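Participant: Okay, structure incoming, though there's no sequence with it:
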């Protein structure tokens with residue numbers, strides 16, 4: 001879509017009428033359903049219209065176009081800001097969709113939902129995360145350029161585009177946006193523009209109740225380019241000034257940009273403007289009618305859209321087609337000049353893996369003691385050369401998480417003094433910013449054309465939890481590398497020892513938690529995660545040990561989530577012991593003791609209960625026969641996961657309290673994670689099953 005320069009900028013009566021139409025559509029939509037957030041959508045209509053109609057490169061006929069700019073509405077409560085522009089520009093939304101706002105099954109849910117509505121780039125609602133998503137998208141855009149067209153002069157590549165985001169007071173109050181904005185400034189993400197809706201109103205009233213900082217001063221300190229726009233004399237958005245600021249922000253490619261735009265919420269509603277009531281409540285029929293009179297609309301009509309306005313706004317389709325055609329020409333020239341990179345682009349954009357990629361996976365020697373975090377690190381370094389789209393890092397714990405895919409190549413901007421700095425580097429230093437790391441990873445996954453992972457200690461998944469939930473809600477193929485997965489980390493003590501975390505994370509629908517028993521299971525798990533990237537997209541969390549664990553012979557059934565690691569000497573096992581991670585070795589030792597007593601014992605390694613539950617019933621029955629009632633589950637965390645697997649006669653060897661600062665072996669022994677205690681639990685379960 002061609003953009004207008006400040007010199008050529010036009011703002012006609014039809015543009016103004018289209019903006020006013022959007023304001024009133026928002027008011028009518030909320031009034032019809034009886035709930036929602038009309039005020040911000042009314043005051044932001046000029047800004048959103050300017051972005052969609054005058055500045056942003058996009059094609060409403062092809063919402064997934066690789067060459068498009070991205071738009072993020074971080075304050076998702078004002079979803080009508082986005083929906084009205086998608087409707088006007090000619091995406092798949094029509095007037096009936098706006099009339100169905102917030103109703104079951106509609107394309108216009110209360111908050112924008114990725115994958116549900118064409119043109120919605122991310123699900124937003126939990127404040128601050130949209131801002132971090134946008135930072136991730138900007139990072140991904142730079143990495144994508146490095147994959148496919150790194151030598152092109154600035155601004156000339158078909159992979160050059162801008163990330164536009166509207167952010168609110170609420171977004172900037174949330175700490176996650178501070179984390180992300182700090183990183184964006186450090187990374188000098190010149191392809192990122194925030195438009196800050198400075199409307200001074202939150203649910204509790206004037207933002208003076210809680211928020212009085214110098215926002216632009218803060219962002220200047222982060223290293224951002226800053227601008228401010230004041231409203232016109234009557235309180236509306238100064239559109240020519242806004243357009244000039246947006247163009248100046250786009251032209252600033254050496255650092256991210258933020259524009260603080262003072263607005264009057266619910267403008268120009270006669271009595272509702274500048275009130276907290278207009279933030280989250282319908283304006284009422286009388287106030288809407290009065291607003292329509294102010295704007296020159298018929299107060300008796302609802303959802304009024306003139307044919308003339310719609311024709312004018314939907315010229316965005318023509319501009320989008322023109323921009324798309326120009327991009328197609330440019331990408332064709334690039335394909336001719338870069339055939340090998342074009343082949344890589346085609347593979348990556350389809351989510352496919354290269355032929356023979358699994359040959360790069362290391363095999364680990366049976367019997368050797370290897371920490372699964374160390375195995376994961378070796379796997380990443382082995383996969384790096386064959387999967388150039390794979391990148392990631394850690395929240396300042398790379399040496400502990402083993403997440404350095406390439407020690408010689410750090411994702412850092414030009415001008416960074418570190419010798420490994422490379423604007424297109426493989427290893428990301430997210431800094432001690434776990435929450436924004438997860439939200440940025442979501443943005444990277446949403447942007448597409450790369451595969452992202454990020455690491456920290458499992459206990460700090462608490463910091464990340466809502467962003468992890470958003471990964472699952474959007475079904476994004478991000479990989480969390482969570483190490484130091486139990487009391488096995490030892491002397492750091494209970495603040496760092498995860499106890500409730502595995503069960504808590506398994507409670508998130510759509511998140512696959514993978515806790516491999518050994519190095520070979522870790523390799524199989526990584527392979528399965530990579531295979532599922534395009535065919536069954538979902539977030540995965542790898543829970544990995546700090547301490548060494550015995551290595552067993554590889555068994556590809558580990559990719560099914562649960563499998564028979566060691567079978568009973570009897571045709572039908574008398575007791576089944578299931579375990580995950582570092583506790584599998586305890587199950588194996590307990591089996592030896594029980595078999596020596598003549599008790600047929602099967603050991604089931606269960607690295608991922610979610611994968612196991614996806615298997616056909618016949619397979620699950622073959623691993624856990626319903627007829628075998630004597631069962632034990634062993635995991636160094638709370639036992640919540642395991643009750644449905646062990647049944648009434650089963651026993652769970654778990655940890656139902658916090659740990660302590662002590663040697664790991666001493667803690668395992670003190671808390672009953674020993675072969676002897678596991679065997680005793682098996683005997684107790686056998687007795688209960690026979691009773």
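Facilitator: Thanks, I have it. Nothing here was measured: the structure is a model prediction, and the numbers come from that model.

Participant: can you tell me how far the residue nearest the centre of the chain sits from residue 391?
Facilitator: Geometric centre of the chain, nearest residue: residue 442, 2.1 Å, by C-alpha atoms, centre = their mean. Separation of residue 442 from residue 391 (C-beta to C-beta, to the nearest Å): 15 Å. The way it works is simple: take the backbone N, C-alpha and C, and place the C-beta from them, glycine included.

Participant: Could I get the full set of helices for the stretch 1-150 of the chain?
Facilitator: For the stretch 1-150 of the chain, applying DSSP state H, counting those that start in this stretch gives helices covering 13-33, 38-50, 79-89, 95-99, 129-148.

Participant: Also the stretch 351-500 of the chain?
Facilitator: Secondary structure of the stretch 351-500 of the chain by DSSP H, counting those that start in this stretch: the helices cover 372-383, 398-401, 434-447, 461-474.

Participant: how about the ones you listed, which one is nearest residue 228?
Facilitator: helix 434-447 (24.9 Å; C-beta to C-beta).

Participant: Quick check: mean pLDDT of that closest one?
Facilitator: Mean per-residue pLDDT for helix 434-447: 98.

Participant: repeat for stretch 136-145
Facilitator: Stretch 136-145 comes out with an average pLDDT of 98.

Participant: what's that stretch in contact with?
Facilitator: Applying C-beta atoms under 8 Å, 6 or more residues apart in numbering, the external contacts of stretch 136-145 come out as 70, 72, 121, 152, 157, 159-161, 163, 180, 184, 187, 189, 191-192, 256, 391, 411, 423-424, 428, 439-450, 452.

Participant: And stretch 566-578, by the same measure?
Facilitator: 562, 587-588, 590-591, 594-595, 599-606, 624-625, 627-628, 630-634, 642, 645-646, 678, 682, 685-686.

Participant: mind running it again at 7 Å?
Facilitator: Stretch 566-578 is touched from outside by 587-588, 590-591, 594-595, 599-604, 606, 624, 628, 630-634, 645, 678, 682, 685-686, with contacts defined as C-beta atoms under 7 Å, 6 or more residues apart in numbering.

Participant: what's the answer for stretch 418-436, then?
Facilitator: Here stretch 418-436 has contacts from 132, 142-143, 146, 150, 176, 179-180, 183, 384, 391-396, 404-414, 437, 454, 456, 460, 463-464, 467, using C-beta under 7 Å, 6+ apart.

Participant: Please check the residues you listed and keep the buried ones.
Facilitator: Burial by neighbour count, 16 or more other C-beta atoms under 10 Å: within the contacts of stretch 418-436 this picks out 132, 142-143, 146, 176, 179-180, 183, 384, 391-396, 404-406, 409-413, 437, 454, 456, 460, 463-464, 467.

Participant: for the protein, what's the longest helix?
Facilitator: The single longest helix within the chain, with elements called by DSSP state H, is helix 315-337.

Participant: orientation of it relative to helix 13-33 in degrees?
Facilitator: Between helix 315-337 and helix 13-33, the angle comes out at 100 degrees (axes from the mean of the first three to the mean of the last three C-alpha atoms, to 10 degrees).

Participant: and helix 315-337, average pLDDT?
Facilitator: Across helix 315-337, the average pLDDT comes to 98.

Participant: need the strands for the stretch 151-300 of the chain, in chain order.
Facilitator: Listed in chain order, the strands of the stretch 151-300 of the chain (DSSP state E, counting those that start in this stretch) span 163-168, 192-198, 201-202, 205-206, 225-229, 257-262.

Participant: Distance to residue 483 added to the ones you listed, as JSON lines?
Facilitator: What follows is those, written out as JSON lines (distance: least, C-beta to C-beta, whole Å):
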{"stretch": "strand 163-168", "distance to residue 483": "31"}
{"stretch": "strand 192-198", "distance to residue 483": "30"}
{"stretch": "strand 201-202", "distance to residue 483": "39"}
{"stretch": "strand 205-206", "distance to residue 483": "45"}
{"stretch": "strand 225-229", "distance to residue 483": "37"}
{"stretch": "strand 257-262", "distance to residue 483": "35"}
